[in-house]
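**Student:** test case, fold it:
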Amino acid sequence: MHLATILFASVLSGATFALDNGLMRIPPMGWLAWERFRCDIDCEHDPKNCISEKLFIDMADRLSEDGWRELGYVYVNIDDCWSSMERDEKGRLQADPKRFPGGIPKLARYMHDRGLKLGIYGDMGTHTCGGYPGTSLDKIETDAQTFADWEVDMFKFDGCYSNATEQELGYPLMSKALNATGRPIGYSCSWPAYHGGLPPKVNYTQLGKICNLWRNYGDIEDSWDSVLSIIDWFFGNQDVLIPAAGPGRWNDPDMLIVGDFGLSMDQSRSQMALWAIMAAPLFMSNDLRTISSGARKILQNKMAIFINQDPMGIQGRRIIKEKSAIEVFWRPLSNNASALVFFSRRTDMPYRYQTSLSKLNYTTGSYKIFDVFTETALVLKDSTDFVVSVNPTGVVMWYVSAPAKLSLRQLFKSGQPQGPNFHGDENDIPHIFL
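**Tutor:** Next up, the predicted model:
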């Protein structure tokens with residue numbers, strides 16, 4: 001393993017290029033319509049689920065009244081199929097008046113009155129993916145100003161019905177246009193997902209200068225196979241992706257589907273844990289009006305959120321792939337702490353995985369451990385073997401509180417990377433979780 005090398009590079013990269021709008025210094029959190037509700041516009045026969053003003057008001061009410069907002073879930077994001085099929089007489093986008101009778105400004109005020117933020121969707125092309133008016137190059141400034149006038153807080157810019165040349169021009173131009181409005185608007189770019197997500201076709205240095213977050217990969221579906229494909233791609237390409245991320249600039253593996261139909265409780269915990277390890281944006285796409293208590297408990301897990309929201313913003317990595325189909329993931333955190341996830345790809349039975357912290361490159365000392373999902377604590381010496389029982393397709397997730405302070409000077413010894421070395425001040429589990 002080369003944990004020290006990656007940590008050192010990641011810390012240095014945090015001081016490099018990032019979009020200069022001061023936004024999303026930690027991964028954004030909230031709710032997004034797409035995966036759960038798609039383009040349902042049949043409000044006559046399906047008023048509860050159609051893409052309408054009422055749907056977003058309902059979700060805002062749940063976020064503000066059911067404990068989500070206080071945990072950081074503050075964005076309510078409209079996706080495709082919200083607009084009229086025609087622009088107005090001044091060439092501006094407009095909401096479908098039948099489904100959004102108060103218009104987007106009224107919806108934004110509703111969010112802001114409840115301490116929430118409103119996100120909206122557009123497309124760098126002739127049409128959106130759902131066939132609604134897109135944003136061609138000549139409409140970029142008009143649309144950016146329209147969103148600012150509506151007091152929108154976040155903008156997701158998709159890329160259907162556009163080509164590589166238009167995207168190369170359009171995504172930076174939209175960044176400039178949004179900043180020129182004077183309104184702080186978080187900017188989500190789908191640009192890399194249209195080009196395979198990897199260099200040389202994708203320039204992550206440039207993305208960090210113009211976008212707050214970006215979709216690297218295809219859309220998530222409501223299935224465990226889809227979640228696994230995303231995990232495989234992101235951790236299979238982690239050496240490229242980790243240096244790209246940091247405060248104000250995030251890799252986005254797409255929505256949390258916890259609380260929908262496709263995942264078991266163990267698989268739901270796995271998605272939550274691995275998204276937290278990835279420092280991923282946490283946008284739920286589910287029905288908060290009917291969500292189960294089990295799914296809600298996972299999504300509202302304070303320690304998982306605490307790990308995800310760590311202000312250092314270093315994306316974690318997979319450090320071990322065992323023949324037993326157990327994988328281990330690690331993420332460095334502030335206050336000399338770290339997070340570990342033990343993940344099972346097995347489908348047969350719980351697996352008892354034995355290791356020690358020293359085998360995971362932790363240095364000599366006693367470590368305080370907090371189990372994220374069982375909410376139990378213990379103390380382990382680095383040399384002590386331990387066993388974790390990991391359910392099929394499930395995880396065990398630990399917050400590891402180091403006994404001392406991280407020193408970058410100690411990361412290398414005799415020219416070799418030494419792993420997460422700690423020494424100095426005592427570091428404890430955050431008291432809120434004890």
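**Student:** which stretches of the stretch 101-250 of the chain form helices?
**Tutor:** 103-113, 140-149, 164-180, 204-210, 224-236, 238-241 (DSSP state H, counting those that start in this stretch).
**Student:** what's in contact with the first one?
**Tutor:** Judged by Cβ atoms under 8 Å, 6 or more residues apart in numbering, the contacts made with helix 103-113 from elsewhere in the structure are 53, 56-57, 60, 76, 78, 82, 94-95, 97, 100, 117-118, 120, 149-153. (Glycine included, C-beta is placed from N, CA and C.)
**Student:** filter these down to the buried ones.
**Tutor:** Buried residues within the contacts of helix 103-113, counting neighbours by 16 or more other Cβ atoms under 10 Å: 53, 56-57, 60, 76, 78, 82, 94-95, 100, 117-118, 120, 150-153.
**Student:** could you list the buried residues of stretch 300-309?
**Tutor:** Those would be Gln300, Asn301, Met303, Ala304, Ile305, Phe306, Ile307, Asn308, Gln309, for stretch 300-309 by 16+ other Cβ under 10 Å.
**Student:** tell me which element the residue lying closest to Pro430 once chain neighbours are set aside falls in.
**Tutor:** What sits nearest to Pro430 in space, not counting adjacent residues and going by Cβ to Cβ, 6 or more residues apart in numbering, is Phe306, at 6.6 Å. Using DSSP states H and E, Phe306 sits within helix 302-308.
**Student:** next structured bit after that helix?
**Tutor:** Assignment by DSSP H and E places the next element after helix 302-308 at strand 317-321.
**Student:** in PDB, could you pull the C-alpha coordinates for that next one?
**Tutor:** Extracted C-alpha coordinates of strand 317-321, given in PDB (Å, rounded to 0.1, in the frame of the first residue of the first chain):
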ATOM      1  CA  ARG A 317      -9.300   4.800  -1.200                       C
ATOM      2  CA  ARG A 318      -9.500   1.000  -1.400                       C
ATOM      3  CA  ILE A 319      -6.400  -0.400   0.300                       C
ATOM      4  CA  ILE A 320      -7.000  -4.200   0.200                       C
ATOM      5  CA  LYS A 321      -8.800  -6.700  -2.000                       C
END
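**Student:** so what are the sheet partners of that strand and their directions?
**Tutor:** With DSSP bridges as the test, strand 317-321 is paired with strand 326-332 (antiparallel).
**Student:** tally of neighbours for the closest residue to Ala325 other than its chain neighbours?
**Tutor:** The spatial neighbour of Ala325 that comes closest, neighbours along the chain excluded (Cβ to Cβ, 6+ apart), is Arg345 at 4.1 Å. With neighbours defined by other Cβ atoms under 10 Å, the count for Arg345 comes to 18.
**Student:** wait, doesn't Arg345 sit right on Ser324?
**Tutor:** No: applying Cβ atoms under 8 Å, one finds Arg345 not in contact with Ser324, separated by 9.2 Å.
**Student:** before we move on, back to that, dump the buried residues of stretch 300-309 to CSV, plus distance to Pro247 and pLDDT.
**Tutor:** Formatted as CSV, the buried residues of stretch 300-309 follow (distance: Cβ to Cβ, whole Å; pLDDT from 0 to 100):
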residue, distance to Pro247, pLDDT
Gln300, 24, 98
Asn301, 23, 98
Met303, 21, 98
Ala304, 19, 98
Ile305, 17, 98
Phe306, 16, 98
Ile307, 15, 98
Asn308, 13, 98
Gln309, 11, 98
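**Student:** what's the weakest-modelled helix or strand in this protein?
**Tutor:** strand 412-413 (a mean of 36; mean pLDDT, DSSP states H and E).
**Student:** quick one, strands of the stretch 151-300 of the chain?
**Tutor:** Secondary structure of the stretch 151-300 of the chain by DSSP state E, counting those that start in this stretch: the strands cover 154-158, 186-189, 213-215, 250-252, 282-284.
**Student:** let's see the pLDDT reported for Pro392.
**Tutor:** pLDDT recorded at Pro392 is 98.
**Student:** before we move on, what SS does it have?
**Tutor:** coil (DSSP: H, G, I helix; E, B strand; the rest coil).
**Student:** contacts only, for it.
**Tutor:** Asp266, Ser344, Arg346, Thr347, Asp348, Met349, Pro350, Tyr351.
**Student:** can you pull the poorly scored residue ranges out of the stretch 301-434 of the chain?
**Tutor:** By pLDDT under 70, the low-scoring segments of the stretch 301-434 of the chain are 404-427, 431-434.
**Student:** let me see the domain layout of the protein.
**Tutor:** If you go by automatic domain parsing, the domain ranges for the chain are 16-308, 317-433.
**Student:** give me whichever of those is most buried.
**Tutor:** Mean neighbours per residue, mean count of other Cβ atoms under 10 Å, is largest over the domains of the chain for domain 16-308, with a mean of 19.
**Student:** so which residue is smack in the middle of this protein?
**Tutor:** For the chain, Pro281 is the residue whose C-alpha lies nearest the centre (Cα atoms, centre = their mean; 1.9 Å).
**Student:** from Cys160, how far out is that one?
**Tutor:** Computed as Cβ to Cβ, to the nearest Å, the Pro281 to Cys160 distance reads 21 Å.
**Student:** do Tyr351 as well
**Tutor:** In terms of Cβ to Cβ, Tyr351 sits 42 Å off from Cys160.
**Student:** and what of Thr135?
**Tutor:** Taking Cβ to Cβ, one finds Thr135 at 11 Å from Cys160.
**Student:** likewise for Asp42?
**Tutor:** If you go by Cβ to Cβ, the gap between Asp42 and Cys160 works out to 22 Å.
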